[in-house]
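Asker: Okay, predicted coordinates and the sequence, questions at the end:
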2 protein chains.
Amino acid sequence: MKKVSIKDVAQKAGVSIASVSYVLNNKVDSRISKETVDKVKKAAEELGYRANNIAKSLKTQRTYTIGLVVADIANPYFSQIARIIENESKQKGYTLIIGSSDENVQKFEGLINMFCDRQVDGLIIAPVEGAEDCLQKMQKQNIPFVFIDRYLPKINADIVQVNNYAISFEVTQHLIAGGRKNLVLIAYDTLLQHLIERTNGFKDALIQNNLELSDNSVLYIDKDAIDEDVNRGFDFLFSDANTPDAIFFTSNKLAVSGLKKLMKLNVKIPQDVAVVAFDETEAYELFSVPLSFVRQPLSDIGKTAVRMLHNKIDDHLLPIDKVVLNAELHTAASSSPKQA
Amino acid sequence: MKKVSIKDVAQKAGVSIASVSYVLNNKVDSRISKETVDKVKKAAEELGYRANNIAKSLKTQRTYTIGLVVADIANPYFSQIARIIENESKQKGYTLIIGSSDENVQKFEGLINMFCDRQVDGLIIAPVEGAEDCLQKMQKQNIPFVFIDRYLPKINADIVQVNNYAISFEVTQHLIAGGRKNLVLIAYDTLLQHLIERTNGFKDALIQNNLELSDNSVLYIDKDAIDEDVNRGFDFLFSDANTPDAIFFTSNKLAVSGLKKLMKLNVKIPQDVAVVAFDETEAYELFSVPLSFVRQPLSDIGKTAVRMLHNKIDDHLLPIDKVVLNAELHTAASSSPKQA
DNA sequence: TTGTACGCGTTATCAG
DNA sequence: CTGATAACGCGTACAA
């Protein structure tokens, strides 16, 4: 029960393998007689022939495969994006390979190398800190890729991102407009530019509203010790006389961890503290208070990224394109105005 | 800046491509002189040579790729499993391709065909209802695959599953032991055997405890209209005089939807109703009451599946292996005993 | 319509 | 014993 190859079909149909190839790829262009077409189709059907993509790729130098590098496919943000990218890719005829970097340069490079060794036609990448060298190599090798979610300032590449600075500014403004004066941002301790922009949007909004920007205004969390850092940080924040009256989480994982802690601390939301979270996850739906959150246009991000990559694969000389999509603030009870 | 092939390396090193291949694959077996080895390695290094896996696969008939078919990669259960399988696969030298079936036979078959066309070495599959024909074809073609999560009774294949019946029985027993008498199971309206087993475990436990098993004991939900069905069903259950005092959700998505509804209905947990959910998701962590849940050994499932598939790929004649791993009940406040 | 070179490695076989 | 030659895997696409 071995696989049937084009040769078997040609033999059975009594024609050349070339004819079989033409017929099965609809490259008929009136070159081939209807009779031959029928014979070939019949033989292929009867044998259950399916072309070997490996052989095809070897010749055509295209695999119709794209690689997706995310931080962690188990993170809802990335699994949702991955799902959209999977659909879009399939629709455009590509197969998707997914890899998780864990924000680790070594793993990241390993994935990129693996993908390149497998001759992917292109990549969609959420790059990690320190991946510059690796990505520069890819640019030299002319392998198309598109950034999503984040970027590296030193790498000039196609990207689909959201208005991180502006939306953070807007969130902060919203909290301040609700009468909050002692805002705290929960952010990762990171060099990733898109996250820094979220922090900057927050800081600038504070400044613009003449609110004090102190060392305690931003709580920096180590991504590898979220719960620990959140616990310690919140214990500190809420032990002080000057407790926060608004908290803005800059990621879904920080929000989940922080909200758990707020539950334990018995903090009343929104009475004591207003809360806004970045990203959207089903976890928010089970929180006792309807949460205000920043909704990223995941579907648009995924579709745009695939479209851009697809175009780039078809024409490697396309100019670099940088797309900024708008995330939007979805307000709910958790960030209601402060009652006097 | 085109890719460097083995030919380039051979030329640069001044040896034949065969020698390059031998050296780079450590198939030296004392056949090749140290001098040649060094020349080849140096040339390969300098040119930055990386073998083309496509060409390699064409010859060796192995792609070192495995396909994973899940219902939906955006579902935390599957994205967590996928992450584990990704790691295990990589460690064993395989690349993972993931596809989502949406529980739809057509999509499922499309994925399987795509994977086979891409010559995957094997597959890990969460099969959907009605996929029998498709899977039988694969067995005839001798393409190795391993079921996870669920199975089709008509298909005799390798599988890694959990003790669905027993754990459901145990959960039910636990609720009854807590003084609950009016239990309701929230289940999918499905023919999938593993889910039916969960229902059967529940029913048998009721019977064994001489509790009434009525039409209202199981609320069947259409997977494509979870929120609607849950809303309607719960409205009905709680409008009745004889309201439930315990609810067992048979999946994470059912639990999230149901818990949202219980919040809206202002049902007190565990005072009015005890709750146990299947699966584990971060959403549970934000619920106001610590949730009792059934924890599946995801890591074991993933590792076992990859190991079994790997073995099967290496030896297609291995006997069929059916592994049952134990899920365990993790009890918390949501299913505390009823107070008198 | 068909013959066949080609894409890029692997490996059996052959020559030195 | 070392290393080169060439067949092979399976389609594609050009020349004939």
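Answerer: Good, I have the coordinates.
Asker: which bits of the stretch 1-150 of chain A sit near DNA strand D?
Answerer: By Cβ under 7 Å from any atom of the strand, the residues of the stretch 1-150 of chain A that approach DNA strand D are A:3, A:5-7, A:17-18, A:21-22, A:24-25, A:27, A:51-52, A:54-56, A:58-60. Backbone N, C-alpha and C define where each C-beta goes, glycine included.
Asker: Also near chain B: which of those, exactly?
Answerer: Residues of those in contact with chain B (Cβ under 8 Å from any Cβ of the partner chain): A:Lys3, A:Ala51, A:Asn52, A:Ile54, A:Ala55, A:Leu58.
Asker: ok so, going back, going through the residues of the stretch 1-150 of chain A next to DNA strand D, which ones are buried?
Answerer: Neighbour counting over those (16 or more other Cβ atoms under 10 Å in any protein chain shown) leaves A:Ser5, A:Ile6, A:Ser21, A:Tyr22, A:Leu24, A:Ala51, A:Asn52, A:Ile54, A:Lys56, A:Leu58 as the buried ones.
Asker: Does DNA strand C have contacts with the one helix or strand the third one maps to?
Answerer: When you say that, I think you mean A:Ser21. Assessed by DSSP states H and E, A:Ser21 sits inside helix A:17-24. Yes - using Cβ under 7 Å from any atom of the strand, helix A:17-24 comes into contact with DNA strand C via A:Ile17, A:Ala18, A:Ser19, A:Tyr22.
Asker: Please tell me I have it right and the first one contacts A:Asp8.
Answerer: Right, the one you point to is A:Ile17. No - A:Ile17 lies out of contact with A:Asp8 (Cβ atoms under 8 Å); the separation is 9.6 Å.
Asker: any weak-confidence spans in chain A?
Answerer: Applying pLDDT under 70 to chain A flags residues A:1, A:28-31.
Asker: quick one on the thing from earlier: from the ones next to chain B among the residues of the stretch 1-150 of chain A next to DNA strand D, which is closest to B:Val162?
Answerer: Set against B:Val162, the nearest of these by Cβ to Cβ is A:Lys3 (35.0 Å).
Asker: what about that closest one, is that helix, strand or coil?
Answerer: coil (DSSP: H, G, I helix; E, B strand; the rest coil).
Asker: all strands of the stretch 151-300 of chain A, in order?
Answerer: Here the stretch 151-300 of chain A has its strands, by DSSP state E, counting those that start in this stretch, at A:158-162, A:183-188, A:218-221, A:246-249, A:274-278, A:292-295.
Asker: can you put those in TSV and add distance to chain B?
Answerer: Listed next are the strands of the stretch 151-300 of chain A as TSV, based on distance: least, Cβ to the nearest Cβ, whole Å:
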stretch	distance to chain B
strand A:158-162	18
strand A:183-188	15
strand A:218-221	16
strand A:246-249	12
strand A:274-278	11
strand A:292-295	13
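Asker: what's the most buried one of those?
Answerer: strand A:246-249 (a mean of 29; mean count of other Cβ atoms under 10 Å in any protein chain shown).
Asker: Give me the number of neighbouring residues for the residue in the stretch 201-340 of chain A positioned nearest to chain B.
Answerer: Proximity of the stretch 201-340 of chain A to chain B (Cβ to the nearest Cβ) peaks at A:Ala283, 4.0 Å away. Residues near A:Ala283, counting by other Cβ atoms under 10 Å in any protein chain shown, number 25.
Asker: Likewise for the one 4 residues further on?
Answerer: Under the neighbour criterion other Cβ under 10 Å, A:Phe287 is assigned a count of 25.
Asker: contacting residues around the closest residue to DNA strand D within the stretch 101-250 of chain A?
Answerer: Proximity of the stretch 101-250 of chain A to DNA strand D (Cβ to the nearest atom of the strand) peaks at A:Gln119, 13.3 Å away. For A:Gln119, the contacting residues are A:Ser57, A:Gln61, A:Thr63, A:Thr65, B:Asn52, B:Asn53, B:Ile54, by Cβ atoms under 8 Å, 6 or more residues apart in numbering or on different chains.
Asker: Then A:Ser79?
Answerer: By Cβ under 8 Å, 6+ apart, the neighbours of A:Ser79 are A:Ile73, B:Ile73, B:Ala74, B:Pro76, B:Ser79, B:Ala82.
Asker: Skipping adjacent residues, who's closest to the fourth one in space?
Answerer: In space, B:Pro76 comes closest to B:Thr281 once its chain neighbours are excluded; the distance is 4.5 Å by Cβ to Cβ, 6 or more residues apart in numbering or on different chains.
Asker: Next one: that neighbour relative to B:Gly201, how far apart?
Answerer: 21 Å (Cβ to Cβ, to the nearest Å).
Asker: Over to A:Asp8?
Answerer: In terms of Cβ to Cβ, A:Asp8 sits 50 Å off from B:Gly201.
Asker: same deal with A:Gln141?
Answerer: 56 Å.
Asker: can you list the residues of helix A:17-24 next to DNA strand C in JSON lines and add distance to B:Ser214?
Answerer: Below are those laid out as JSON lines (distance: Cβ to Cβ, whole Å):
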{"residue": "A:Ile17", "distance to B:Ser214": "67"}
{"residue": "A:Ala18", "distance to B:Ser214": "69"}
{"residue": "A:Ser19", "distance to B:Ser214": "67"}
{"residue": "A:Tyr22", "distance to B:Ser214": "66"}
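Asker: ok, for A:Glu46, nearest residue in space, not its chain neighbours?
Answerer: A:Lys12 (7.2 Å).
Asker: The helix or strand hosting the one you found vs DNA strand C: in contact?
Answerer: For A:Lys12, the host element (DSSP H and E) is helix A:6-13. No - if you take Cβ under 7 Å from any atom of the strand as the test, helix A:6-13 misses DNA strand C, and the best it gets is 7.8 Å.
Asker: Quick check: residues of the stretch 51-200 of chain A near chain B?
Answerer: A:51-55, A:57-58, A:63, A:65, A:72-74, A:76, A:79-80, A:82-83, A:86-87, A:90, A:95-100, A:113-114, A:116-119, A:140-142.
Asker: mind running it again at 7 Å?
Answerer: Counting by Cβ under 7 Å from any Cβ of the partner chain, the residues of the stretch 51-200 of chain A close to chain B are A:52-55, A:57-58, A:63, A:72-74, A:76, A:79-80, A:82-83, A:86, A:95, A:97-100, A:114, A:116-119, A:140-142.
Asker: Distance from stretch A:217-236 to the middle of the chain?
Answerer: Mean-position distance between stretch A:217-236 and its chain equals 24 Å (Cα atoms, centre = their mean, to the nearest Å).
Asker: Identify each buried residue in that stretch, please.
Answerer: Result for stretch A:217-236 [16+ other Cβ under 10 Å]: buried residues A:Ser217, A:Val218, A:Leu219, A:Ile221, A:Lys223, A:Ile226, A:Asp229, A:Val230, A:Asn231, A:Gly233, A:Phe234.
Asker: CSV please, covering the residues you listed and showing distance to A:Ser288.
Answerer: As requested, the buried residues of stretch A:217-236 are exported to CSV (distance: Cβ to Cβ, whole Å):
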residue, distance to A:Ser288
A:Ser217, 26
A:Val218, 26
A:Leu219, 22
A:Ile221, 23
A:Lys223, 27
A:Ile226, 21
A:Asp229, 24
A:Val230, 18
A:Asn231, 20
A:Gly233, 22
A:Phe234, 17
